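Peer 1: Fold the following.
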Amino acid sequence: MRKNKIIVSLLSLIIMFTIIFTPNLLTFAEDWTDYRSGQMIPETRISERVVDNADLLTNSQEMFLREKVNAIYEKYHYNVVIVTTYSLDEYTTTEYADNFYDYNGFSENGILFLISTEYRDWAISTSGDGVYAFTDKGQEDIVNSIRGYLSNDNWYESFNEFINQSDKYIGYYVENGNPYVQGVEYATLKKILISLRSEERRVGKECIHWW
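Peer 2: The predicted structure follows:
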C-alpha cells in the first residue's frame, strides 16, 4: 500500500512539473521562422494572424484584431495577417513579408501587411488567389485609406481599417470571381488582367512598399 502511495505521489509531481514548465502547445509563436535556416515550410499554421513584435498595440487591441482576422478566415478561408517588427534583420521588406507568411504555415490564399518601425518601412504581400483579389490598384486604394493613420502613428486604426478593407476585397472576389477596385468595373476586364500577370505572379506573391 505504501509503495502505491509513493508511485501516486511521484506521478502527481510529474504532472505538476509538466503543467508548470511545459509551454502551452496551443500557443502560437510570436517570432517568424528564418527561412535561411533551411527549415521546411510547415504544413499547418504556427503563428497568430496578428503579431505585434514592435509593441504598437495594447493587449486588448491585439486580441480584438485577432478575433476579426480569425473570423475572416472562418468565413472565406483567406488569411489576413498583420505583422509589426522593429528591425528587418538585414532582410528586405519583400523577403521579410513573404517569408513570414510562408514559414509560419499560413494557407495558400491571403494577404499580409508588414510594418517595421526602425526606418518606417512597410509592405504588402499577397499569396495564392490573394494575388488576384488584391490588384495593384486595389492595394493602392487600401493604402490610401490608411495612409493618414500611418502618418500619425495611429497603429490600431491603421490595422483595423486594413482588415476592414481586406474583408471587403476578399468577399467581393469570392462572391464574384473578379477583383474589386474602387470606381472600376472588372467583370469585363478579368481576362485582360489575368493575361497581363506574369507567371511568377501567378504562383508567387507580390510585395509593394512606400512610406
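Peer 1: which helix is the longest one in the chain?
Peer 2: Using DSSP state H, we find that the single longest helix of the chain is helix 155-176.
Peer 1: and it, what does it pack onto?
Peer 2: Secondary structure elements in contact with helix 155-176, counted by 3 or more CB pairs under 8 Å, 6 or more residues apart in numbering; DSSP states H and E, are helix 59-76, strand 79-85, strand 110-116, helix 130-133, helix 136-151. Backbone N, C-alpha and C define where each C-beta goes, glycine included.
Peer 1: Which of the ones you listed sits closest to P42?
Peer 2: strand 79-85 (13.6 Å; CB to CB).
Peer 1: The closest one pairs with which strands, parallel or anti?
Peer 2: Strand 79-85 has its sheet partners listed here by DSSP bridges as strand 50-52 (parallel), strand 110-116 (parallel).
Peer 1: buried residues in that strand?
Peer 2: Under the neighbour-count criterion of 16 or more other CB atoms under 10 Å, strand 79-85 has 79-85 buried.
Peer 1: pLDDT on it, on average?
Peer 2: Strand 79-85 carries an average pLDDT of 97.
Peer 1: ok so, going back, ok, which of the helices and strands packed on helix 155-176 comes nearest Q182?
Peer 2: Nearest of these (CB to CB): helix 136-151, 5.1 Å.
Peer 1: picking that back up, for the helices and strands packed on helix 155-176, give me JSON lines that also has distance to N176.
Peer 2: Listed next are the helices and strands packed on helix 155-176 as JSON lines, based on distance: least, CB to CB, whole Å:
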{"stretch": "helix 59-76", "distance to N176": "13"}
{"stretch": "strand 79-85", "distance to N176": "19"}
{"stretch": "strand 110-116", "distance to N176": "17"}
{"stretch": "helix 130-133", "distance to N176": "10"}
{"stretch": "helix 136-151", "distance to N176": "13"}
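Peer 1: What pLDDT is listed against M16?
Peer 2: The model reports M16 with a pLDDT of 47.
Peer 1: That should have said D89, apologies.
Peer 2: You'll see D89 listed with a pLDDT of 88.
Peer 1: hey, which helix or strand in this protein has the poorest pLDDT?
Peer 2: helix 199-203 (a mean of 37; mean pLDDT, DSSP states H and E).
Peer 1: I'd guessed Q61 sits against Y156; true?
Peer 2: Yes - shown here, Q61 and Y156 form a contact pair, counting by CB atoms under 8 Å, at 4.7 Å.
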